[in-house]
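Asks: okay, here's the prediction I keep looking at, along with the sequence it came from:
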Amino acid sequence: MTAFKSAGVIGAGAWGTALAQVCARAGLDVLLQAREPDVVASVNANHENGLFLPGVALDPTIRASHDAADLADCDLILAVAPAQHLRASLATFAPHARVGVPVLLCAKGFEQGSLKLMTQVLAETVPQAAAAVLSGPSFAAEVARGLPTAVTLACPDRDLGAALAEAIATHTFRPYLAHDMIGAEAGGAIKNVLAIACGIVEGRGLGRSAHAAVITRGFHEMTPLAIALGGHAETVTGLCGLGDLVLTCSSSQSRNMSVGLALGRGQTLEQALSGKLSVAEGVASAPALKALAAKLGVETPICSAVEDILSGALEVDAAIEALLSRPIREETL
């Protein structure tokens, strides 16, 4: 089995910083690549990401750099830039990537315009890399502090997947292996949009029954869309689908749910996003998800309603009324 000694993390937001912390705890030599000079300085001098993860003491062995060339000698790469910025980040890294370098994709979303998953973006930008996907229920601050977390690590190469899981696993960070990258990616991307829907329900005061209905019926949208993309139903029943959906739809710690809460309380999208440094991936993924579902012929009424609200095509109450007015049907996938 391959033994990894060093890890490079592309993207020094809250989640990238948390994963750098995980890798350091697992005994890897970690280099965190950040765009922001203040983050590089803060990590190197103070062992803290004061911009995106303030108050969390980082392992002092974690180093930060702004230069993608510094990642060239890393044994494995974790790509944690937001989904809409991942292509640019990977393109910057590509000239320095050796043949066969494992790239663990940690962003959750569909790329606007191309409607592509992150594995497809990687294949186009760093074709010499070996792809894997990390997804599952995980809040950055909790992971960074070492609270127990379980995730899905999906890789079609079973030996490589096992080696990656072994490399990043700690006593409190448990990767469970899967081989269906598409299903793992689809679950992570779709749940972000559904979390906005759950936030709207909470913000509008529609009750716990409605909240449970959105989670359940939302999962019924996630599964056929994942299958239509080429994934497997059993993948999204796991941590990267149902598990992530339950977490993200149940706490205002979720950036996506917090956006939905603000919308449900009557704020505009601009107001809901104002002052937020971290990215709510569901906002950017919603239009791509709606277009992709239409292209694949999959019904996604809840996700489509979220996009209608985000785009201004429907007011919140009108979108809710449209969902409640749908014909009665059998409860099937």
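Replies: Now that the structure is in, tell me what you want to look at. Every value quoted in this text rests on a predicted model; they were computed, and no experiment measured them.

Asks: next one: Gly205, what pLDDT does it get?
Replies: On pLDDT, Gly205 comes in at 97.

Asks: and for it, nearest residue in space, chain neighbours not counted?
Replies: Leaving aside its sequence neighbours, Gly205 sits nearest to Gly264 (C-beta to C-beta, 6 or more residues apart in numbering; 7.9 Å). Any C-beta I mention is one placed from the backbone N, CA and C, and that applies to glycine too.

Asks: does the one you found really touch Cys198, like I thought?
Replies: No - counting by C-beta atoms under 8 Å, Gly264 stays clear of Cys198, with 9.5 Å between them.

Asks: pick out whichever of these two has more residues nearby.
Replies: Shown here are Gly264 and Cys198; by other C-beta atoms under 10 Å, Cys198 has more neighbours (30 against 23).

Asks: which residues touch the more buried one?
Replies: For Cys198, the contacting residues are His211, Val214, Ile215, Gly218, Cys249, Ser250, Met257, Gly260, by C-beta atoms under 8 Å, 6 or more residues apart in numbering.

Asks: and it, which helix or strand is it part of?
Replies: In the assignment (DSSP states H and E), Cys198 maps to helix 181-203.

Asks: who's in contact with Ala184?
Replies: Ala184 makes contact with Val133, Ser135, Thr152, Ala154, Ala178, Gly231, Thr235, Cys240, Gly241 under the criterion C-beta under 8 Å, 6+ apart.

Asks: what's the distance between the fifth one and Gly109?
Replies: Counting by C-beta to C-beta, to the nearest Å, the gap from Ala178 to Gly109 is 19 Å.

Asks: show me the contact partners of stretch 231-242.
Replies: Contacts with stretch 231-242, where a contact means C-beta under 8 Å, 6+ apart, come from 133, 135-137, 150-152, 154, 176, 178, 180, 182-188, 191, 219, 222-223, 226-227, 333.

Asks: pull the CA atoms of stretch 179-192 into PDB?
Replies: Listed next in PDB are the C-alpha coordinates belonging to stretch 179-192 (Å, rounded to 0.1, in the frame of the first residue of the first chain):
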ATOM      1  CA  HIS A 179     -16.000   3.600  -5.100                       C
ATOM      2  CA  ASP A 180     -18.800   5.700  -6.700                       C
ATOM      3  CA  MET A 181     -17.300   9.200  -7.100                       C
ATOM      4  CA  ILE A 182     -20.400  10.500  -9.000                       C
ATOM      5  CA  GLY A 183     -22.800   9.500  -6.300                       C
ATOM      6  CA  ALA A 184     -20.600  11.000  -3.600                       C
ATOM      7  CA  GLU A 185     -20.300  14.200  -5.500                       C
ATOM      8  CA  ALA A 186     -24.000  14.400  -6.400                       C
ATOM      9  CA  GLY A 187     -25.100  14.000  -2.800                       C
ATOM     10  CA  GLY A 188     -22.800  16.700  -1.600                       C
ATOM     11  CA  ALA A 189     -23.800  19.200  -4.300                       C
ATOM     12  CA  ILE A 190     -27.600  18.600  -4.100                       C
ATOM     13  CA  LYS A 191     -27.800  18.700  -0.300                       C
ATOM     14  CA  ASN A 192     -26.500  22.300  -0.300                       C
END
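
Asks: buried sites along it?
Replies: Using 16 or more other C-beta atoms under 10 Å as the test for burial, stretch 179-192 gives 180-192.

Asks: as CSV, the residues you listed with distance to Ser278 would be great.
Replies: Below are the buried residues of stretch 179-192 laid out as CSV (distance: C-beta to C-beta, whole Å):
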residue, distance to Ser278
Asp180, 28
Met181, 25
Ile182, 26
Gly183, 26
Ala184, 22
Glu185, 20
Ala186, 22
Gly187, 20
Gly188, 16
Ala189, 17
Ile190, 20
Lys191, 17
Asn192, 12
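
Asks: among those residues, which one sits closest to Gly11?
Replies: Nearest to Gly11 out of the buried residues of stretch 179-192 is Gly188 (C-beta to C-beta; 15.3 Å).

Asks: ok, and the closest non-adjacent residue to the closest one?
Replies: Lys108 (3.5 Å).

Asks: a strand runs through the one you found, doesn't it?
Replies: No - Lys108 is assigned coil when assessed by DSSP: H, G, I helix; E, B strand; the rest coil, not a strand.

Asks: mind checking the SS state of Gly100?
Replies: Assigned by three-state DSSP, the conformation of Gly100 is coil.
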